[in-house]
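*Asks:* Need a 3D model of the sequence below.
(one chain, ligands or ions: 1)
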Amino acid sequence: MGVEIKIEHLTKSFGKQLIWNDVTLTMPAGEICVMLGPSGTGKSVMLKTLIGLLKPDRGSVIIEGTDIANCSEKDLYEIRKLFGVLFQDGAMFGSMNLFDNVAFPLREHTKKSESEIKRIVLEKMDLVGLIGAEYKLPGEISGGMRKRAGLARALVLDPEILLIDEPDSGLDPVRTSFINQLFVDLNAQINATFMIVTHDIHSVRVVPDQIGLLYHKHLAMFGPREMLLSSDEPVVRQFLNAQTVGPIGMSEEKDATELEAEKDMDLPPLPPIPLQLETSNGIPRKSQRPPGEWCRLNGVTPPPGSFRADSILSASAAKSSD
Ligand SMILES: Nc1ncnc2c1ncn2[C@@H]1O[C@H](COP(=O)(O)OP(=O)(O)OP(=O)(O)O)[C@@H](O)[C@H]1O
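*Replies:* Next comes the predicted model:
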């Protein structure tokens, strides 16, 4: 399970407004990828292009041999069955209880019997910890529960690819840690390829296998977590460490005068690279590599204190309160 997604030379604009140009990356099968970028750099547009809701101007998105950027409606319909999507607010129908919301794709897209549908819905609601809440309306539950219900719905058709847009928006740090743990556990269990769009720097440091950064109308970098967390590239370093010093300004890029004023400033040292978040049952993640392996193989010295168990304190604290 889980399929590779190969994006080549992808370019998208709306009228005269270029969103991003010449994006090339490969999301390895079954891995968790996170896409970052300042607001308005086109992360949601990227997700919509991946599922074929938006057509790029140029380039291709190859999934299982089909270029979904340029295929027929019929092929697109088939390929879309591989996807599960979790929108920011869970995108629940307000008048339907959670059971019916989660059952919706099964009733729409399959000919399964109601007893089979019930079995699947309860299985997925159990996976996301929502057993007992089946008959609640979306308006009666918290934002975190709505997101989990959205996730259960994204899972009912057994997706090979999960697209997740800002899962942490509106969630407190503990709920964010819980949902991160859920993604890691689910990924190990169903082996799907994940693309998560987020602004949460803590999640970015511990959850993904691959990280991408969109900036100033292009893909600034995409690669293994250790590569980006040890990078000295100014945009990557500034964004991943939430610093004000660097090329990213309040609205977009800083101008030459602002950059000149910063040129002699000392940058704070890179923080240690934490260990990757493990599954809660201890089963290794499919893509798991020994900590520090990428740095070692590529001759990169990680920041001092990297890969020590105490650098994932907040994630394990959240787990122990489960
Ligand atoms: N259907 C559309 N028609 C025209 N412009 C669009 C459309 N969809 C998105 N845009 C524009 O594309 C740009 C990127 O939007 P997008 O929502 O992808 O950014 P984002 O990186 O996800 O931002 P944020 O982090 O704030 O959610 C914005 O300027 C937006 O106005």
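*Asks:* This structure: helices as residue ranges?
*Replies:* 43-50, 73-80, 98-109, 114-127, 143-155, 173-190, 201-206, 225-229, 234-240, 256-262, 293-297, 313-320 (DSSP state H).
*Asks:* out of these, nearest to residue 165?
*Replies:* Residue 165 sits nearest to helix 43-50 of all those, at 5.8 Å, using C-beta to C-beta. Just so you know, the C-beta spots here come from the backbone N, C-alpha and C atoms, and that holds for glycine as well.
*Asks:* list the contacts for residue 102?
*Replies:* Residue 102 is in contact with 121, 124, 125, 149, 152, 153, 156, counting by C-beta atoms under 8 Å, 6 or more residues apart in numbering.
*Asks:* when you check the ligand, which of these turn up near it?
*Replies:* Contacts with the ligand are made by none of the contacts of residue 102, judged by C-beta under 6 Å from any ligand atom.
*Asks:* With neighbour count, distance to residue 20 and pLDDT as extra columns, can I get those residues in CSV?
*Replies:* CSV is the format used below for these (neighbours: other C-beta atoms under 10 Å; distance: C-beta to C-beta, whole Å; pLDDT from 0 to 100):
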residue, neighbour count, distance to residue 20, pLDDT
121, 22, 37, 96
124, 22, 34, 94
125, 24, 37, 94
149, 28, 32, 93
152, 28, 32, 94
153, 26, 29, 94
156, 23, 32, 94
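*Asks:* tell me which of these is nearest to residue 95?
*Replies:* residue 149 (14.3 Å).
*Asks:* mind checking how far the closest one is from residue 306?
*Replies:* 37 Å (C-beta to C-beta, to the nearest Å).
*Asks:* What is the burial count for residue 88?
*Replies:* Per other C-beta atoms under 10 Å, the neighbour tally for residue 88 reads 17.
*Asks:* I'd guessed it sits against residue 165; true?
*Replies:* Yes - the criterion here is C-beta atoms under 8 Å, and residue 88 meets it with residue 165 at 5.1 Å.
*Asks:* ok, back up a step: by mean pLDDT, show me the worst of the helices of the chain.
*Replies:* Per-stretch mean pLDDT for these is lowest at helix 313-320 (a mean of 42).
*Asks:* and the chain, what are its domains?
*Replies:* Here the domain parsing of the chain from automatic domain parsing is 1-82+159-232+271-322, 96-158.
*Asks:* out of the helices of the chain, which comes closest to residue 213?
*Replies:* Taking the helices of the chain one by one with C-beta to C-beta, helix 234-240 is closest: 5.7 Å.
*Asks:* Does anything pack onto that closest one? Which helices or strands?
*Replies:* Applying 3 or more C-beta pairs under 8 Å, 6 or more residues apart in numbering; DSSP states H and E, we find helix 234-240 packed against helix 201-206, strand 210-215, strand 218-224, helix 225-229.
*Asks:* what are the C-alpha coordinates of that helix, in PDB please?
*Replies:* Provided in PDB are the C-alpha atoms of helix 234-240 (Å, rounded to 0.1, in the frame of the first residue of the first chain):
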ATOM      1  CA  PRO A 234      18.900  31.200   4.600                       C
ATOM      2  CA  VAL A 235      15.200  30.800   3.800                       C
ATOM      3  CA  VAL A 236      15.100  27.200   5.100                       C
ATOM      4  CA  ARG A 237      16.900  28.100   8.200                       C
ATOM      5  CA  GLN A 238      14.800  31.100   8.900                       C
ATOM      6  CA  PHE A 239      11.500  29.400   8.300                       C
ATOM      7  CA  LEU A 240      12.200  26.200  10.100                       C
END
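*Asks:* what about that helix, near the ligand?
*Replies:* No - Helix 234-240 lies out of reach of the ligand by C-beta under 6 Å from any ligand atom, never closer than 12.1 Å.
*Asks:* Now do the closest residue to residue 30 other than its chain neighbours against residue 162, distance only.
*Replies:* Among residues not flanking residue 30 along the chain, residue 2 sits closest, at 3.3 Å (C-beta to C-beta, 6 or more residues apart in numbering). Applying C-beta to C-beta, the value for residue 2 to residue 162 is 10 Å.
*Asks:* got any residues that touch both of these two?
*Replies:* Contacts common to residue 2 and residue 162, judged by C-beta under 8 Å, 6+ apart, are 192, 193.
*Asks:* which one of the helices and strands packed on helix 234-240 lies closest to the ligand?
*Replies:* strand 210-215 (6.8 Å; C-beta to the nearest ligand atom).
*Asks:* Identify all contacting residues around that closest one.
*Replies:* 20, 23, 25, 27-28, 31-38, 41-43, 46, 204, 219-225, 227-229, 235-236, 239-240, 248.
*Asks:* Produce a ChimeraX select command limited to the buried residues of those residues.
*Replies:* Buried residues among the contacts of strand 210-215 (16 or more other C-beta atoms under 10 Å), as a ChimeraX selection:
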select :20,23,25,27,28,31,32,33,34,35,36,37,38,41,42,43,46,204,219,220,221,222,223,224,225,227,228,229,235,236,239,240,248
